[in-house]
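Colleague: show me how the following folds:
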Amino acid sequence: MTHFLDIHKTPAADLRGIIDNAADMKAKRAGLPKGTPDEDQPLANHMVALIFEKPSTRTRISFDVGVRQMGGQTMVLSGKDMQLGHGETIADTARVLSRYVDLIMIRTFEEQTLLEMAEYASVPVINGLTDRTHPCQIMADVLTFEEHNGPIKGKKVVWSGDGNNVFASFAHAAKQFEFDLTFTGPETLQPEAALDGLYTTERDPMKAVEGADLVVTDTWVSMHDPQSARERRHNQLRGYQVNKPLMDNAKPDALFMHCLPAHRDDEATSEVMDGPNSVIWDEAENRLHAQKAIMRYCLGK
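Modeller: Prediction:
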């Protein structure tokens, strides 16, 4: 049984294999219509459950398309469709789903929901996002960086903004892929203490991005944040906006990434998002290829 729960829980050699496999599958599909099946069909006769307690655009579409391209079928389930952790325990739901499907991807709130699903499922479980981490996104980000600027090992990555769940997975990746990670953001939004030692902190964003090969940010507010929290976060993070002056202080060929959705001209200006250093659309596409490789890895394909 091979789950994909977090980057730091997956051996570094296996992570490298996933990235290389993703790049290979992407190359083989170059120029093909999106609905064209892959040459090989590793998920033929396989059923995949895609569970979404949180709304989703990229995660839902990329997993759904990926399963279909590899010959499988999907069952997309929302929190409204299930009694996950409410009328039925997560453990019992995991046991039941395992009788129907070959693989489970879950996008949820609490990390414990993911961990309990994996503990009691008899099929592989993939972390599609929790409030604590977002490993599939960072696998796509590593793939994107390397197809533009070569191996990420030894490179400098700078995160500007909130030390959130996406940053946490970047911190895990920094150790596994051996790149340097700098956090620049307010002390009030510092990453969780469990990540200490995986990154350095520089409060001054202009100084932080000096020599950066990649600058990354994320939305300042969650869709679930009340208005008062949104205003407070804007006040805290305004000085960490990724704009042209900030990017100009990084390396000339530094890439810009944002996992999307974005609030344009808040965490990053449109000038940067649509600029020559931005790879956000490649980044979004690569969710598909990275996750296909993750599914193959979990199923031993």
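Colleague: residues touching the residue sitting furthest away from the middle of the chain, list them.
Modeller: Most distant from the centre of the chain: Gly87, at 30.0 Å, with distances by C-alpha atoms, centre = their mean. By C-beta atoms under 8 Å, 6 or more residues apart in numbering, the contact list for Gly87 is empty. Any C-beta I mention is one placed from the backbone N, CA and C, and that applies to glycine too.
Colleague: what of Asp14?
Modeller: Tyr297.
Colleague: what distance do you get for it to Asp218?
Modeller: 26 Å (C-beta to C-beta, to the nearest Å).
Colleague: Lys292 too?
Modeller: From Lys292 to Asp218 the distance is 24 Å (C-beta to C-beta).
Colleague: who has more neighbours, the two?
Modeller: Between Lys292 and Asp218, Lys292 has the larger neighbour count (other C-beta atoms under 10 Å), namely 27 against 24.
Colleague: what's the closest non-adjacent residue to that one?
Modeller: Gly66 (4.2 Å; C-beta to C-beta, 6 or more residues apart in numbering).
Colleague: residues contacting the one you found?
Modeller: 288-289, 291-292, 295.
Colleague: for Ala194, grab phi and psi.
Modeller: phi -60, psi -20 (degrees, to the nearest 10).
Colleague: near it, how many residues? Count them for me, please.
Modeller: 11.
Colleague: got it, and Lys207?
Modeller: 11.
Colleague: check Pro205 too.
Modeller: 22.
Colleague: tell me the phi and psi of it?
Modeller: Per-residue torsions, Pro205: phi -60, psi -40 (degrees, to the nearest 10).
Colleague: list the contacts for the closest residue to it other than its chain neighbours?
Modeller: Excluding its sequence neighbours, the residue lying closest to Pro205 (C-beta to C-beta, 6+ apart) is Thr184, at 4.6 Å. Listed by C-beta under 8 Å, 6+ apart, the contact set of Thr184 reads 158-160, 201-205, 208-209, 240.
Colleague: repeat that for Glu116.
Modeller: Here Glu116 is in contact with 90-91, 94 (criterion: C-beta under 8 Å, 6+ apart).
Colleague: who's the residue nearest to Pro205 bridged to?
Modeller: According to DSSP bridges, the partner residues bridging Thr184 are Ser160.
Colleague: the longest helix seen in the chain: which residues count as buried?
Modeller: Identified as the longest helix of the chain according to DSSP state H is helix 280-298. If you call a residue buried by 16 or more other C-beta atoms under 10 Å, then helix 280-298 has these buried ones: 280, 282-298.
Colleague: and if you look at stretch 229-242?
Modeller: Neighbour count says stretch 229-242 has 233, 236-237, 240-242 buried, by 16+ other C-beta under 10 Å.
Colleague: of these, which is the nearest to Thr188?
Modeller: Using C-beta to C-beta, the shortest approach to Thr188 within the buried residues of stretch 229-242 belongs to Gln236, at 5.8 Å.
Colleague: specify the local secondary structure of that closest one.
Modeller: helix (DSSP: H, G, I helix; E, B strand; the rest coil).
Colleague: host element of the residue nearest the centre of the chain?
Modeller: Nearest residue to the geometric centre of the chain (C-alpha atoms, centre = their mean): Gln137, 1.5 Å. Assigned by DSSP states H and E, Gln137 belongs to helix 135-149.
Colleague: tilt between that helix and helix 280-298?
Modeller: Orientation note: helix 135-149 sits at an angle of 120 degrees relative to helix 280-298 (axes from the mean of the first three to the mean of the last three C-alpha atoms, to 10 degrees).
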